[in-house]
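Undergrad: using only what follows, build the 3D model:
(2 chains)
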Amino acid sequence: MCGIAGSLQLRAGSADPARLSDMIATIRYRGPDDVGVYCKGPIGLAHARLSIIDLAGGHQPLSIAKDTLWITFNGEIFNYVELREELVKKGHRFTTSSDTEVLLRLYHEEGERCVERLNGQWAFAIWDAPQRKLFLSRDRFGVRPLYYTQTHDAFLFASEIKALLVCPEVRPAIDLEALDQIFTFWVTLPPKTAFQDIHQLPPGHNMVVRDGQVVISPYWTFGLRPEPVPEPRRQAQLAEELLALLSDATHIRLRSDVPVGAYLSGGIDSTVITALVEARVGKKLRTFSVGFEDAEFDESAFQQEASSSLGTSHSAIRCTHNDIARVFPDVVWHAEQPVVRTAPAPLYLLSQLVHDSGFKVVLAGEGADELLGGYDVFKETKIRAFWSQRPDSAWRPLLLKRLYPYMEGLQRQSLDYLKHFFHVTEEDVRHPFFSHLPRWELTAKCKLFFSESVRAELASRQTIEDLTGRLPASYASWPPFSKAEFLEAQYLMPGYILSSQGDRMAMAHAVEGRYPFLDHRVVEFAARLPIHLKMKVLDQKHLLKQAFKGLIPESIRTRPKQPYRAPDGKSFFARKDGYIGDVLTSAKLREDGIFDPKATEALMTKFRSGRDTSLKDNMALVGILSTTLLLDRLVTHRGAKPGQDPYEKSARLGA
Amino acid sequence: MLEKIRAFVVENYLFGEEGKLGNGDSFMESGIIDSTGILELVRFLEATFGVKVADEDLIPDNLDSIEKIVAFVQTKLASSPADRPSSLQSAGR
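TA: Next up, the predicted model:
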């Protein structure tokens, strides 16, 4: 896994090697093992390498065809062994044993359509000198990041936004529409990012830059359907097929010239992966987990149980409130976008543990919740859809009581309140985002904290309605459950789960995540499954649980779903040193003009008082804090440099 | 009592933006209390007025506007005077 960057002159002139070196230097933590820059004429490619496959021969940028084809590549092509054999038969003679060379030769052989043959996670750029064409691509699900921008003279791209911001003509400014989206969906809608004029290549898309023209086109979409085709096979057969697919997906994700470990969350997904690795490798797997000092969020007991029953060699860290507060400025610097939850922070600490233990690669369970019926929002959708068919029913809404058992504030609500929050009016039922309206409406309440001028500027925006124009043609005919799956997998997964909680937190400590559930064969299989096999009545991930009966501990296989969460707002008030007051000063908030200083102060007072706080309060606080830290670090440069605790000074003063 | 409750609502749910809320306005319709926010209100009422709020009391009829809360607390106090803290009894006279 690595970091990439590059530039293509759009008019006259040559690429500047010094600029390329600067760009790649900003993201060297992604690839501390090696660095390479190639500049010739209009093109410049740069690469920071984390050596995982072909440790000796994998230097990049790499070229073939007498130096006419060049590549800089971040990611892994897991089926490179098979593809290589095929290419050798066709007469290709390899000079390295890397997957990078396989990818480039496959492009040489098949052109842009080569990406359809890849099983992997990637962001890469290929310079095709004879065609004077820059070809870029991002994997199907957005595991690996790819950002770009255009200046007067050049097209620039990189794994992270900060590598673009190092170019003096790229001026950093927060995009208010993006902020509006984050304060609704938790993510920006690609190609938008949190920064004005900086874009991301959407997952599953290719991009060609040639003769000053940029063309972006999709090569893959989720194959969800109006009604899944009648499934002739029985459940037991499908469970077997899922097991076989996942087993192979895990197996090819062990291809590596360095040892591979695994995250163990205590839930079914990571336990399944760990069990598959152990079955395949036949030796002790190294596993890692994060627990919480705060019992409400802690899953240590389940992690221990999974580890001891599967016989892994396990390391864990225990995350405190203060840990979250301490690393949060760095977390935001790495995430490069505002977040409304602190959940990325513990994962940042976890990747540090992996790194300090000498590991560069971990397997993880991401993707299972989105594709196999795991998330609570799917359950919520099912219950609301069922209720909406008989809105006057006395007992149907009682099922709302089955939602979110881990949230005390919800559990004590009377039915009248629950019915109000999870509303199902006729208008809701017809709404394209029926499944997500309650949560998006809740998040959007955080906009109460926007300053008057920002609210005025955004007043005419129809954030939720704008999403309607991006939906697949057949979307309207899908059942509510499939629509919910699509919204999670298409937007939240790449925009938050795989980035703010995924790539950025892992790569901050040079750790590569690999996700067997996001093997496209597994995803395509899951998309064809009937809904009742993903969630049977209200049993989440039903088929997955059936497939792994007897293969993982029963207590983990049958435990109720507990979503991964971390302590939010209160993390920042455990310190006595005025941490948060130092970041969110009224003067600074006024200067930035995004949030209302008076309302923000009132929110902080509420947290300081120790009174109960609501979900909205927590999302608002974390959202305001992360936006301000992002401005500190990447826009106004008021904050400390990465790696430093910017509040150390105030901590000393407070002591 | 109304002023105390109003101050709590303004401080905790409106974050100072007082002007917008009438004493009879529905919290649910104006969306100022989210699904996890009701318990804050309950704990405030219990701590401040010495009333016991049972789970079955957690209905919009009792809690959905400042005026409704006042009426609810008054009913509670009247029905179980023993629950009243002494400070409040004297303050009420």
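
Undergrad: all strands for the stretch 451-600 of chain A, in order.
TA: Using DSSP state E, counting those that start in this stretch, the strands found in the stretch 451-600 of chain A span residues A:512-514, A:535-536, A:539-540.

Undergrad: and those strands, which is most packed in?
TA: Ranked by mean neighbour count, the strands of the stretch 451-600 of chain A are led by strand A:512-514 with a mean of 26 (mean count of other CB atoms under 10 Å in any protein chain shown). Bear in mind the C-beta positions are built from the backbone N, C-alpha and C, glycine included.

Undergrad: quick one: strands adjacent to that one?
TA: Strand pairing for strand A:512-514, using DSSP bridges, gives strand A:361-363 (parallel).

Undergrad: the next helix or strand after the partner strand: how far from the chain's middle?
TA: Sequence-wise, the next helix or strand downstream of strand A:361-363 (DSSP states H and E) is helix A:368-371. Helix A:368-371 has its average C-alpha position 13 Å from the chain's average C-alpha position, going by CA atoms, centre = their mean, to the nearest Å.

Undergrad: likewise for stretch A:206-214?
TA: A distance of 26 Å separates the centroid of the chain from that of stretch A:206-214, by CA atoms, centre = their mean.

Undergrad: also stretch A:485-503?
TA: Worked out by CA atoms, centre = their mean, stretch A:485-503 lies 4 Å from the chain centre.

Undergrad: OK, contacts around the residue nearest to A:N79 when sequence neighbours are not counted?
TA: In space, and not counting its chain neighbours, A:N79 is closest to A:N119: 4.1 Å by CB to CB, 6 or more residues apart in numbering or on different chains. Taking CB atoms under 8 Å, 6 or more residues apart in numbering or on different chains, we find A:N119 in contact with A:I77, A:F78, A:N79, A:I252, A:D519, A:H520, A:R521.

Undergrad: rerun that using 10 Å as the cut-off
TA: Taking CB atoms under 10 Å, 6 or more residues apart in numbering or on different chains, we find A:N119 in contact with A:76-80, A:82-83, A:139-140, A:248-249, A:252-253, A:519-521.

Undergrad: pLDDT below threshold where in the stretch 401-550 of chain A?
TA: Along the stretch 401-550 of chain A, no part satisfies pLDDT under 70.

Undergrad: can you tell me the element A:A236 falls in?
TA: Counting by DSSP H and E, A:A236 is part of helix A:235-252.

Undergrad: on contacts alone, who are the packing partners of that helix?
TA: Under the contact criterion of 3 or more CB pairs under 10 Å, 6 or more residues apart in numbering or on different chains; DSSP states H and E, helix A:235-252 touches helix A:80-89, helix A:268-281, strand A:512-514, helix A:520-528, helix A:531-534, helix A:542-547.

Undergrad: just want the angle from that helix to helix A:520-528.
TA: 160 degrees (axes from the mean of the first three to the mean of the last three CA atoms, to 10 degrees).

Undergrad: among the helices and strands packed on helix A:235-252, which is the most enclosed?
TA: Compared across the helices and strands packed on helix A:235-252, strand A:512-514 shows the largest average neighbour count, a mean of 26 (mean count of other CB under 10 Å).

Undergrad: what's across from A:F157 in the sheet?
TA: Beta-bridge partners, per DSSP bridges, of A:F157: A:G6, A:Y148.

Undergrad: which residues does the longest helix that chain B contains contact?
TA: Counting by DSSP state H, the longest helix found in chain B is helix B:66-79. For helix B:66-79, the external contacting residues (CB under 10 Å, 6+ apart) are B:1-6, B:8-10, B:21-27, B:41, B:44-45, B:48-54, B:57, B:59-65, B:83-84, B:88-89, B:92.

Undergrad: from these, which land in strands?
TA: Using DSSP state E to define strands, no part of the contacts of helix B:66-79 is located there.

Undergrad: ChimeraX command to pick out the buried ones of those?
TA: Restricted to buried positions by 16 or more other CB atoms under 10 Å in any protein chain shown, the ChimeraX selection for those reads:
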select /B:1,5,6,8,9,10,21,27,41,44,45,49,50,51,53,57,59,60,62,63,64,65,84
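
Undergrad: flag the shaky bits of the chain, pLDDT-wise.
TA: Chain wasn't specified; assuming chain A. A:1, A:227-231, A:577, A:639-655.

Undergrad: could you do chain B instead?
TA: Where chain B drops to pLDDT under 70, the residues are B:35, B:81-93.

Undergrad: many thanks, we can stop here.
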